[in-house]
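Engineer: dropping the sequence and predicted coords here.
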Amino acid sequence: MARRSQPGNLVTTTIDWAARWAQTQSMWPATFGLACCAIEMMATGTAHHDLARFGMEVFRASPRQADLMIVAGRVSQKMAPVLRQVYDQMPEPKWVISMGACASTGGMFNNYALVQGVDQVVPVDMYVPGCPPGPQSLMHGILTLQRQIMSGEKVTV
Amino acid sequence: MADRRLLETWVSGTEEPDAMPTDEGAQEMGVQESGYRFREQLGAVVTDDYLYEEEVSEDERMIINMGPQHPSTHGVLRLQLELEGEMIKRCRPVIGYLHTGMEKTAETLTYMQGPTNVTRMDYLAPLHNELVYSLATEQLLEVEVPPRAAAIRVLMTELNRVSSHLVALATNGMDIGAISMMMYGFRERELILAFFEKTTGLRMNHNYIRPGGVAADLPPGWRKDVKQILKTIPKRLVQYDDLLKENPIWLARTQGVGVITAEECRAYSITGPILRATGVDWDLRKVFPYSGIGQYEFDVPVGAHGDVYDRYRVRVEEIIQSLRIIEQVADMMPSGDFRVSDRKVTPPPRARIDESMEALIHHFKIFTEGFRAPPGETYAAIESPRGELGCYLVSDGGGKPWRCHIRAPSFYNLQALPVMLAESMVADTIATIASLDPVMGDVDR
Ligand code: SF4
């Protein structure tokens, strides 16, 4: 929001807009499937729900080629350092979606094994509620994130 | 802002993160101690001669790490592979990246809440987990479910087997490069999930089968939906066969790959399609029938070679057999109640609560403190899509299990990976893992 009220000249605002447009329209997610939610994430990517409609069907195996991390599932204490490393390997600008109750808050497992919310490890841009969130919910989360990036609400580094 | 601060402390390391460090280092695979160079590094041997002609092959040994964040490991499995060129010499699976402490959590939940927890273990076959937990609880309580409940349970679990095998085929195809199979498998799965959503309210993790019966009766018009599934899936299976059955690339990538023998399967207590692909017709539905599944007619498909291709064939055949069972259940569905009438175990129907004080009290009791199970221990086992799924419950007479242990088939099946991969090519790793169809939630729990 702050960004929009700044005075800018025609050239920089237009370039800004174009850059944001490009970022939103080809967001490539890194595959970070962990548990049940990952199955729903895969279902979102395949024929029936077809994430390709929003220009992001290209799930990248390598974090270095991705700009969105969908943390799909529960993050255990053992997995947290790995998750952090994968996040660090992703190039800027990057975003994180926390998919499902477990990734967001630990879900129903309040015990010794799980990280109670992935936001303790990486900064999260969007929380998608549900256990598991259906493909529609995930798509809604993604589209909301795209809209926020487009409007400049999510300031990218 | 808070995120930013957390992030900075994490990066700079000025404050210990909440998470305890893991003892990952202890699990590293060291070079073999016999290595001359290794002893030299340790200072056990002193030499000033830098020529090592005989040890060329030692130098070619390389230890690589695969996973836990690898798209083809079906979740968060980590493998350490010792390679000599393209050949795998040793393989070591490292698990625990999805350890959720569910068995511990089960001790804090009442028997009524238990299925909510176990359904999240093997997330491709949630209904099987619920069923085995419910069967174990019912054995403790010594209650019999009415025939309609048993039939609904069989109907739902067999549908679940179909959907699980479809995902297995889909991911197996994707890992070997048959992306179309991936799309097809998930497309047909949606058909079954739509029925599940209608019946249970959720696409996955249903919490539908509960001790004492099922949570709700089948929805109106269920016969039509089941008929639709029975009509569509066999047609699509023909498509899959056209795509894969005689596809030369598929055959080359799967036949003779990841072989395991029946003896090795017994030694590692491997069950399910992997065992049946070696030619052993061991299926708990036949050997120890549960939930009245013995009254339906079906065959146990077996393979012969115990390789990736046979496992794929066994899964396809099992889908056909499951559809046979579903058809019979749908035809023979008994009428009656869908849960036991024992008011100590099942909540009273909604209408009764308005009329009777007793019913209200029972309802309140069941949902606050649950019911008590007599002290004792029990083990129930069923045939899940991955093999023998067992549940061991110990009760100390309270409203919660004192101990709940799940015999997870994926965990046992995964043990076979080093056997299957020894002396094979590195590219076959993916095909072999995919054919095991491990669910990491089931392995680590
Ligand atoms: S939020 Fe639910 S579906 Fe997602 S990983 Fe956790 S338990 Fe599984």
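Structural biologist: That came through fine. Numbers count the residues shown, from 1 in each chain, chains lettered A, B, ... in the order given.

Engineer: for B:G272, see how far away B:E358 is.
Structural biologist: 46 Å (Cβ to Cβ, to the nearest Å). No exception for glycine: its C-beta is placed from N, CA and C like everyone else's.

Engineer: more crowded one of these two?
Structural biologist: Neighbour totals were compared for B:E358 and B:G272, and B:G272 leads with 28 against 12 (other Cβ atoms under 10 Å in any protein chain shown).

Engineer: OK, contacts around the more buried one?
Structural biologist: Applying Cβ atoms under 8 Å, 6 or more residues apart in numbering or on different chains to B:G272 gives the contacts B:E383, B:S384, B:P385, B:R386, B:G387, B:E388, B:P409, B:N413.

Engineer: ditto for A:W21
Structural biologist: A:M150.

Engineer: follow-up on the earlier one: so which of the contacts of B:G272 belong to helices?
Structural biologist: The helices, defined by DSSP state H, take in B:P409, B:N413 from the contacts of B:G272.

Engineer: and which of the contacts of B:G272 is nearest to chain A?
Structural biologist: B:P385 (13.6 Å; Cβ to the nearest Cβ).

Engineer: what's the per-residue pLDDT of the residue nearest to that closest one when sequence neighbours are not counted here?
Structural biologist: Excluding the flanking residues, the one nearest B:P385 by Cβ to Cβ, 6 or more residues apart in numbering or on different chains is B:S164, at 4.0 Å. pLDDT for B:S164: 92.

Engineer: what's around B:S164, how many residues?
Structural biologist: Neighbourhood size, B:S164 [other Cβ under 10 Å]: 29.

Engineer: and it, helix, strand or coil?
Structural biologist: At B:S164 the chain is in helix, as set by DSSP: H, G, I helix; E, B strand; the rest coil.

Engineer: wait, it touches B:G387, no?
Structural biologist: No - under the criterion of Cβ atoms under 8 Å, B:S164 is not in contact with B:G387, lying 11.8 Å apart.

Engineer: re earlier: the contacts of B:G272, buried ones only, as a PyMOL selection?
Structural biologist: The PyMOL command for the buried members of the contacts of B:G272 (criterion: 16 or more other Cβ atoms under 10 Å in any protein chain shown) is given here:
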select buried, chain B and resi 383+384+385+386+387+388+409+413
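
Engineer: out of the contacts of B:G272, which sit inside strands?
Structural biologist: B:E383, B:S384, B:G387, B:E388 (DSSP state E).

Engineer: could you redo those residues as JSON lines and give each row distance to chain A and pLDDT?
Structural biologist: Shown next, in JSON lines, are those (distance: Cβ to the nearest Cβ, whole Å; pLDDT from 0 to 100):
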{"residue": "B:E383", "distance to chain A": "21", "pLDDT": "91"}
{"residue": "B:S384", "distance to chain A": "16", "pLDDT": "91"}
{"residue": "B:G387", "distance to chain A": "19", "pLDDT": "89"}
{"residue": "B:E388", "distance to chain A": "22", "pLDDT": "90"}
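
Engineer: which member of those is positioned nearest the ligand?
Structural biologist: For those, the residue nearest the ligand by Cβ to the nearest ligand atom is B:S384; the value is 17.5 Å.

Engineer: excluding sequence neighbours, find me the nearest residue to the closest one.
Structural biologist: Closest to B:S384 by Cβ to Cβ, 6+ apart is B:H128, at 4.1 Å.

Engineer: okay, now the one you found: neighbour count?
Structural biologist: 28.

Engineer: repeat for the one 3 residues further on
Structural biologist: Residues within reach of B:L131, counting by other Cβ under 10 Å, total 30.

Engineer: is it true that it touches B:E383?
Structural biologist: No - the pair B:L131 and B:E383 does not pass the contact test of Cβ under 8 Å, sitting 10.4 Å apart.

Engineer: show me where the chain has strands.
Structural biologist: Looking at chain A here, since you left the chain open. Going by DSSP E, chain A shows strands at A:29-30, A:68-72, A:95-99, A:126-128.

Engineer: was after chain B, sorry
Structural biologist: Using DSSP E, strands in chain B cover B:61-66, B:78-84, B:87-94, B:209-210, B:213-214, B:376-384, B:387-395, B:403-407.

Engineer: contacts only, for B:H305.
Structural biologist: By Cβ under 8 Å, 6+ apart, the neighbours of B:H305 are B:Q255, B:G256, B:V259, B:A277, B:T278.

Engineer: show me where chain A has helices.
Structural biologist: Here chain A has its helices, by DSSP H, at A:2-5, A:10-25, A:36-45, A:80-89, A:100-105, A:135-151.

Engineer: redo the ones you listed as a markdown table? Include mean pLDDT and distance to B:V443.
Structural biologist: Below are the helices of chain A laid out as a markdown table (pLDDT from 0 to 100; distance: least, Cβ to Cβ, whole Å):
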| stretch | mean pLDDT | distance to B:V443 |
| --- | --- | --- |
| helix A:2-5 | 49 | 46 |
| helix A:10-25 | 78 | 37 |
| helix A:36-45 | 86 | 14 |
| helix A:80-89 | 87 | 17 |
| helix A:100-105 | 88 | 17 |
| helix A:135-151 | 87 | 25 |
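
Engineer: and those as JSON lines, adding distance to B:G185?
Structural biologist: JSON lines is the format used below for these (distance: least, Cβ to Cβ, whole Å):
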{"stretch": "helix A:2-5", "distance to B:G185": "44"}
{"stretch": "helix A:10-25", "distance to B:G185": "29"}
{"stretch": "helix A:36-45", "distance to B:G185": "10"}
{"stretch": "helix A:80-89", "distance to B:G185": "27"}
{"stretch": "helix A:100-105", "distance to B:G185": "22"}
{"stretch": "helix A:135-151", "distance to B:G185": "15"}
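
Engineer: and the stretch 201-350 of chain B, which residues reach chain A?
Structural biologist: Listed as neighbours of chain A in the stretch 201-350 of chain B under the rule Cβ under 8 Å from any Cβ of the partner chain: B:R203, B:M204, B:N205.

Engineer: what distance do you get for the residue nearest to B:S384 to B:H206?
Structural biologist: In terms of Cβ to Cβ, B:H128 sits 11 Å off from B:H206.

Engineer: briefly note if stretch B:83-93 comes near chain A.
Structural biologist: No - Stretch B:83-93 does not reach chain A (Cβ under 8 Å from any Cβ); its nearest approach is 14.2 Å.

Engineer: mean confidence for that stretch?
Structural biologist: Mean predicted confidence for stretch B:83-93 is 81.

Engineer: cool, and stretch B:206-224?
Structural biologist: Averaging pLDDT along stretch B:206-224 gives 88.

Engineer: list of residues touching that stretch?
Structural biologist: B:111-112, B:114-116, B:119, B:126-127, B:130-131, B:133-134, B:137-138, B:141, B:143, B:145-146, B:149, B:152-153, B:155-156, B:195-196, B:198-200, B:330, B:337-340, B:342, B:345-346.

Engineer: give me the buried subset of these.
Structural biologist: B:111-112, B:114-116, B:119, B:126-127, B:130-131, B:133-134, B:137-138, B:141, B:143, B:145-146, B:149, B:152-153, B:155-156, B:195-196, B:199-200, B:330, B:338-340, B:345-346.

Engineer: tell me the gap between stretch A:63-75 and the middle of its chain.
Structural biologist: 7 Å (Cα atoms, centre = their mean, to the nearest Å).

Engineer: and it, average pLDDT?
Structural biologist: 86.

Engineer: what bridges to A:M99?
Structural biologist: A:A72, A:V128 (DSSP bridges).

Engineer: who are the contact partners of it?
Structural biologist: Taking Cβ under 8 Å, 6+ apart, one finds A:C37, A:E40, A:M41, A:I70, A:V71, A:A72, A:G73, A:V128, A:P132, A:P133, A:L138, A:G141 in contact with A:M99.

Engineer: what of A:P91?
Structural biologist: Under the criterion of Cβ under 8 Å, 6+ apart, the neighbours of A:P91 are A:R64, A:D67.
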